[in-house]
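Asker: sequence? don't have it. structure:
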């Protein structure tokens, strides 16, 4: 019986996503929300941002887990350019987004939580249609001449990592033990039932097409739900949920975070380990991670959060490194979410962290 509720929850969750997509296919054009970039005309943009727009031009765009575009705007007190996100173009990608509640989560984050934070792009408008799952999110267009956007192939320094953990400390302190009810843990998500099988499939694919050894994570693959619940034990705060280097930017020397579609509740161990493991070379991380955790602890307290025990945070950080491995293995194994070189380098760093932090042994001892 203990397995019945999660399975039913997963079935309900999948069914809701399928129903939204089917409803959108049948009736979506009868609803007012734009379905693609070409429908973001002046009247639509005026409604979404709440200011009169007289002309819209498309400056560029791409697609992934969402459709994205840069738009030029002309109107009364409107920004000259904006960055827009909409539901993905393909049914398969939309279903993946529904599984992760990506659109619903990010639009709600920008409406309800982002006004309390710094290091976040300004939101000009946010709309979500619960019937079809369609959404439109209009954000500040971060100027390329003022911002730097790192990625996994360009590791960050310890000084820059300190900027990121300080930003995370401000986020975590703001919502410490004050997490909105609509946020859930990664391990509490019904879709996490699929993570274990995805890990095993991904490990097999990686072994077939690369020389990367993934044996270090086999215990995690086989016991994912148990170890995921372990690293999600309270106390909880609001986490970005996907703070890898591709979702980080630096502006005027300060760090910022993009793509808030995976916001979750949880303990900082998951977030800190994921960020440092994916952002730094293994050697630099090993040399600086204890100091960076101290930077985080001090910033958390300075921002009104609790004073965390140094040794306890270190132990939980070592546990949390499993998430850097899990996310990287699925991303690299399934493909299509990142460029292969970036995905494989992330996986190498995730495996290195499991080994040098002795994460599996720490998990086994704590279970």
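Answerer: Yes, it's here. Remember, it's a predicted structure, so these values are computed and weren't measured experimentally.
Asker: So the chain: which segments form each domain?
Answerer: Segmentation of the chain into domains, based on automatic domain parsing, reads 4-140, 147-366.
Asker: For those domains, state which one has the densest average packing.
Answerer: Neighbour counts (mean count of other C-beta atoms under 10 Å) averaged over each of the domains of the chain peak at domain 147-366, with a mean of 19. For the C-beta atoms, the positions are set from N, CA and C on the backbone; glycine is no exception.
Asker: can you pull out the strands in the stretch 151-300 of the chain?
Answerer: With DSSP state E, counting those that start in this stretch as the criterion, the stretch 151-300 of the chain has strands at 237-239, 248-251, 254-257, 264-266.
Asker: closest one to residue 197 among these?
Answerer: strand 264-266 (20.8 Å; C-beta to C-beta).
Asker: Show residues contacting that closest one.
Answerer: 179, 183-186, 231-232, 236-239, 241 (C-beta atoms under 8 Å, 6 or more residues apart in numbering).
Asker: Filter the residues you listed down to the ones in helices?
Answerer: residue 231 (DSSP state H).
Asker: coming back round to it: would a markdown table of the domains of the chain with mean pLDDT be doable?
Answerer: Listed next are those as a markdown table, based on pLDDT from 0 to 100:
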| stretch | mean pLDDT |
| --- | --- |
| domain 4-140 | 87 |
| domain 147-366 | 94 |
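Asker: can you put the strands of the stretch 151-300 of the chain in JSON lines and add distance to residue 360?
Answerer: Listed next are the strands of the stretch 151-300 of the chain as JSON lines, based on distance: least, C-beta to C-beta, whole Å:
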{"stretch": "strand 237-239", "distance to residue 360": "23"}
{"stretch": "strand 248-251", "distance to residue 360": "28"}
{"stretch": "strand 254-257", "distance to residue 360": "29"}
{"stretch": "strand 264-266", "distance to residue 360": "20"}
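Asker: Nearest to residue 328, out of those?
Answerer: Here strand 248-251 is closest among the strands of the stretch 151-300 of the chain (C-beta to C-beta), at 16.0 Å.
Asker: partners of that closest one, with directions?
Answerer: Paired neighbours of strand 248-251 in the sheet (DSSP bridges): strand 147-148 (antiparallel), strand 254-257 (antiparallel).
Asker: that older thread, so which of the strands of the stretch 151-300 of the chain gets nearest residue 156?
Answerer: strand 248-251 (7.9 Å).
Asker: quick one: contacts of that closest one?
Answerer: Contacts for strand 248-251 (C-beta under 8 Å, 6+ apart): 142, 146-150, 156, 160, 163-164, 255-258, 279.
Asker: and if we set it to 7 Å?
Answerer: Here strand 248-251 makes contact (C-beta atoms under 7 Å, 6 or more residues apart in numbering) with 142, 146-150, 160, 164, 255-258.
Asker: same thing with stretch 229-242?
Answerer: 113, 171-172, 175-177, 179, 183, 185-187, 257, 259-260, 262-271, 319-320, 322-323, 363, 366-367.
Asker: got it, and stretch 51-66?
Answerer: Under C-beta under 7 Å, 6+ apart, the answer for stretch 51-66 is 37, 40-42, 45-46, 68-78, 81, 85-89, 93, 96-97, 102.
Asker: try stretch 293-313
Answerer: Residues contacting stretch 293-313 (C-beta under 7 Å, 6+ apart): 162, 165-166, 168-170, 172-173, 176, 272, 314, 317.
Asker: Which of those sits closest to residue 346?
Answerer: residue 272 (16.3 Å).
Asker: Contacts only, for that closest one.
Answerer: Applying C-beta under 7 Å, 6+ apart, we find residue 272 in contact with 165, 168, 293, 296, 317, 320.
Asker: Could you tell me which of the residues you listed are located in helices?
Answerer: 165, 168, 293, 296, 317, 320.
Asker: Grab the nearest non-local neighbour of the second one.
Answerer: Pointing back at residue 168 there. Leaving aside its chain neighbours, residue 168 sits nearest to residue 271 (5.9 Å; criterion: C-beta to C-beta, 6 or more residues apart in numbering).
Asker: can you pull out the helices in this protein?
Answerer: Using DSSP H, helices in the chain cover 4-27, 42-49, 91-99, 102-108, 158-174, 195-209, 218-222, 224-231, 268-279, 282-302, 310-334, 340-356, 359-366.
Asker: Nearest to residue 133, out of those helices?
Answerer: Between those, helix 4-27 lies closest to residue 133; by C-beta to C-beta that is 3.8 Å.
Asker: about what we covered before: what would the ones in helices among the contacts of residue 272 look like in CSV with distance to residue 310?
Answerer: CSV is the format used below for the ones in helices among the contacts of residue 272 (distance: C-beta to C-beta, whole Å):
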residue, distance to residue 310
165, 14
168, 17
293, 7
296, 11
317, 11
320, 15
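Asker: quick check, nearest of the residues you listed to residue 354?
Answerer: Residue 354 has its nearest neighbour among those in residue 320, at 11.3 Å by C-beta to C-beta.
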